[in-house]
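> Please work out how this folds:
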Amino acid sequence: MSACSEQTGLQARLHHHMVHLVAEALRSWPSWTDVAVEVVVARCRGALRPDLRAKHSASGVVVWGDASVTAPFADANAAGAAAEPLRAKAAEAREAVKAAKYAGALPATTHMFTPLVWEAFGRIGPATSRWLRDSLGGPDRSGVRATLLRRVSVALWRSHARSVSVGYSRCFGISVVGDNSVAGGPLGAVDFSGRVGE
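Okay, here's the model as predicted:
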């Protein structure tokens, strides 16, 4: 579905929703301040736009994050998923790409980058999992972390349902044929002959 141009808007909404869920979780805890979404990082050859920036109040470290959803069944990831089905290989690969993209672009030594990568069916990349555990960790934060993970998971599955619905509705030209006006009689047949055949 990621190759379908009709799904682009849905994918963008899912991405933005996930970023705001992470920002909301960070804002709910005093350890994080100056939480901002989509802040530009200027660099010598253009600019990068990470999805999230937050400052850890105790250490003063500014964390930059960039979110993504990847599919383990895409052609590029299928072999790795087949070889190690219990490992989030697709998320791990996307995390590496994001880390390389932002390496060297962040200012000073008090700044760090973290990828925020989920696979399409909910598994989390290892770097993402570590960062969420550390930033929203501890016994008093486990509820916030669990709520965030649940909300992202629900957003992913709702997005899948919408994608399937939109995809099927584009495949069939539905028209009603027959007499629909007879009270108590048949409402007519539905013609499902569409663009993809019978």
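> contacts, neighbours, all on C-alpha from now
Will do.
> For the residue nearest to the spatial centre of the chain, grab phi and psi.
Centroid-nearest residue in the chain, with CA atoms, centre = their mean: residue 69, separated by 3.9 Å. Note on residue 69: its backbone torsions stand at phi -120, psi 130 [degrees, to the nearest 10].
> wait, isn't it in contact with residue 115?
No - using CA atoms under 8 Å, residue 69 makes no contact with residue 115, being 10.8 Å away.
> hey, what's in contact with both of these two?
Shared contacts of residue 69 and residue 115, defined by CA atoms under 8 Å, 6 or more residues apart in numbering, are absent.
> Select the helix or strand of this protein having the lowest average pLDDT value.
In the chain, no helix or strand scores lower on mean pLDDT, DSSP states H and E than strand 189-191, which sits at a mean of 45.
> so what's residue 20 closest to, chain neighbours aside?
residue 37 (7.5 Å; CA to CA, 6 or more residues apart in numbering).
> so what's residue 35 closest to, chain neighbours aside?
residue 54 (4.2 Å).
> Show me what the host helix or strand of the one you found is packed against.
In this assignment (DSSP states H and E), residue 54 forms part of strand 52-56. Strand 52-56 is packed against helix 8-27, strand 32-37, strand 62-70, with contacts defined by 3 or more CA pairs under 8 Å, 6 or more residues apart in numbering; DSSP states H and E.
> all strands for the chain, in order.
Ranges of strands within the chain are 32-37, 41-43, 46-48, 52-56, 62-70, 111-119, 175-177, 189-191, based on DSSP state E.
> Using JSON lines, lay out those strands together with distance to residue 137.
Putting these into JSON lines (distance: least, CA to CA, whole Å) gives the following:
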{"stretch": "strand 32-37", "distance to residue 137": "13"}
{"stretch": "strand 41-43", "distance to residue 137": "28"}
{"stretch": "strand 46-48", "distance to residue 137": "29"}
{"stretch": "strand 52-56", "distance to residue 137": "13"}
{"stretch": "strand 62-70", "distance to residue 137": "16"}
{"stretch": "strand 111-119", "distance to residue 137": "16"}
{"stretch": "strand 175-177", "distance to residue 137": "55"}
{"stretch": "strand 189-191", "distance to residue 137": "55"}
